[in-house]
Each structure stands twice: as structure tokens, then as C-alpha cells.
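K.L.:
predicted model and sequence follow; I will ask about them next.
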Amino acid sequence: MSLTTPGTTCDHISEDAPISKRLLQHDTLMTAKLTEVFGEMIAHQTDFLDGDDTFTRRSTLHRQGHSATILNARLIIRKASLPDGFLENLQRTEILFGQLLMNHGISVQMTDRKVYTVKDADQIRWGRQLQMLRADSGDLLAIIEELLVPEAELLRIIP
């Protein structure tokens, strides 16, 4: 499923999807929300494109020690906004992008959040798109897309 062509944009997440709502309807790093709900998390990079000015990363996020996917992510990261060595750490570890930002002391703020739904095999998946800015300068750091697995699957993954 492509993360580049979201389905239907929504004003809010349905009450019958409480986990999706909790995970998507906020303007903070996803890392903290995922850890709060699922425990320790890891990222598996599934694809990347290393351009001149940007690095695009596709990944799946999982509860540590479990194979079930919690969400699919696509990050378009501006290289100029990151310290030396950051992208190398991102590619060679299973650490989430948000955790690496925290490890490097990079504070961020989120803007322009859009929540959407995608129908996948007769199930609804909730997702969001947003922009991540460096808090210290307001410079664009990344464009982020996060697409959760269907609500029923999320409920099965929660410890």
C-alpha cells in the first residue's frame, strides 16, 4: 500500500477507533505515544532514497521482540537540518527517528497535521501526514506520513 496517496481526509478520528485516535490525534513525536501504548519499539527500514538534499526513508514499526507491524512510515528528511552522523545512525540501527532526535537533543514541533483513512482489504486504516520543524529555528526537518494497521490488529498487539 502506498503512503504517498492517502485516502479520505477526516476532521477527526472515529470513536470506534480509540487506539488509532490516541496514536494519531496529537502534535508530538509518535515515539512517545507508541512506547506508552506498546512498550519498547523498533523500526525496520524497508526502503530508502538518498538524494542530494533529502533522505527518504520507508519503514515499519514494531513492538520490540514481536514481528507484527504497528504502522508504516515514510519520512522525507532534510539533510541540512541534521547533525553529522545522524543519518548513518538512522540507517544502521533499529532506533526510531523520534528517539534519535531525542538522543541528539533535537527539539521539534509539528504542524499541518492531516488525518486520513485508507480502505485496505475491507478494513479501515487510519493515518496522518504532518510537517516536523526544528523548534530552535523553525526550519523544516521532515515531512512525515504514518499509517497504522487496522484497529483490530492494534488491539491484538497491545501487551
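P.N.:
Looks like it came in fine. Values in this document were obtained by computation on a predicted structure and should not be read as measured data.
K.L.:
those strands in this structure, which residues are they?
P.N.:
Taking DSSP state E as the criterion, the chain contains strands spanning 8-10, 41-50, 54-63, 69-78, 108-120, 123-134, 140-148.
K.L.:
tell me the mean pLDDT for the last one?
P.N.:
Per-region confidence: strand 140-148 scores 97 on mean pLDDT.
K.L.:
give me the contacts around it.
P.N.:
1, 3-4, 6, 20, 23-24, 30, 70-78, 81-82, 97, 106, 108, 118, 125-134, 154 (CB atoms under 8 Å, 6 or more residues apart in numbering). C-betas here are computed from N, CA, C, even on glycine.
K.L.:
any low-confidence regions in this structure?
P.N.:
1-7, 12 (pLDDT under 70).
K.L.:
now with 50?
P.N.:
Of all residues in the chain, those with pLDDT under 50 make up the ranges 1-2.
K.L.:
the longest helix in it is where?
P.N.:
Taking DSSP state H as the criterion, the chain has its longest helix at helix 30-38.
K.L.:
now that one - C-alpha only, CSV.
P.N.:
The C-alpha trace of helix 30-38 is given here as CSV (Å, rounded to 0.1, in the frame of the first residue of the first chain):
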residue,chain,number,x,y,z
MET,A,30,4.9,9.4,17.7
THR,A,31,7.8,7.6,19.5
ALA,A,32,6.4,8.6,23.0
LYS,A,33,2.9,7.6,22.1
LEU,A,34,3.9,4.3,20.7
THR,A,35,6.1,3.5,23.7
GLU,A,36,3.3,4.5,26.1
VAL,A,37,0.8,2.1,24.4
PHE,A,38,3.0,-0.8,23.2
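K.L.:
how far does that helix sit from its chain's centre?
P.N.:
Here helix 30-38 is found 11 Å from its chain centre; the criterion is CA atoms, centre = their mean, to the nearest Å.
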